[in-house]
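# Sequence and predicted model, in that order:
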Amino acid sequence: MAGYMKTNMPFYGVYKRGREGIAALVVARLATTTRSDYESTVKTLWVLPQREGKYFAITGARLYTKFITPQSLPLYKKLIHEGVWWDFVDEVATQC
């Protein structure tokens, strides 16, 4: 996967189909009821060293639809600016 993505970022090697299911389970178990919780959850997952952590952060951001509002734009801007790669940017730009 790292060769395909042309990156040195470590991977666990979980394909998207499996990742989506895992991320949904993880996000469902997190007590994210406030905007502060939402941003904290997304940021905590985002800083994990493996690429899948960033994918989980984006999935979490997407699954909590009640927080996808203009107030969340600074968070999404952070993910886009720090993510840089198309797979992160495309997902944030189209799903959040």
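Nice, I can see it. Residues are numbered from 1 along each chain as shown.
# the helices in the chain, which residues?
2-5, 16-29, 35-46, 51-63, 73-83, 86-95 (DSSP state H).
# Of those, flag the one that's most buried.
A comparison of those by mean neighbour count, using mean count of other C-beta atoms under 10 Å, puts helix 51-63 on top with a mean of 22. (Glycine included, C-beta is placed from N, CA and C.)
# quick one on the thing from earlier: possible to save the helices of the chain as JSON lines with mean pLDDT?
Putting these into JSON lines (pLDDT from 0 to 100) gives the following:
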{"stretch": "helix 2-5", "mean pLDDT": "62"}
{"stretch": "helix 16-29", "mean pLDDT": "80"}
{"stretch": "helix 35-46", "mean pLDDT": "93"}
{"stretch": "helix 51-63", "mean pLDDT": "88"}
{"stretch": "helix 73-83", "mean pLDDT": "93"}
{"stretch": "helix 86-95", "mean pLDDT": "83"}
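# how much space between T44 and P70?
23 Å (C-beta to C-beta, to the nearest Å).
# swap that for G53, please
Going from G53 to P70 by C-beta to C-beta gives 26 Å.
# Report how many residues lie close to T32.
Per other C-beta atoms under 10 Å, the neighbour tally for T32 reads 20.
# Show the contacting residues for it.
Y38, T41, G60, Y64 (C-beta atoms under 8 Å, 6 or more residues apart in numbering).
# Pick the one among those residues closest to I22.
Distance to I22, by C-beta to C-beta, is smallest for G60 among the contacts of T32, at 11.4 Å.
# List the residues that contact the nearest residue in space to that closest one that is not next to it in sequence.
Distances taken as C-beta to C-beta, 6 or more residues apart in numbering put V27 closest to G60, at 4.6 Å, once the chain neighbours are dropped. If a contact means C-beta under 8 Å, 6+ apart, then V27 has T41, F56, T59, G60, L63, Y64 as its contacts.
# cool, V47 as well?
Counting by C-beta under 8 Å, 6+ apart, V47 has contacts G53.
# A23 versus R29, what's the distance?
To A23, R29 is 11 Å away according to C-beta to C-beta.
# Next: A61.
A61 is 10 Å from A23, where distance means C-beta to C-beta.
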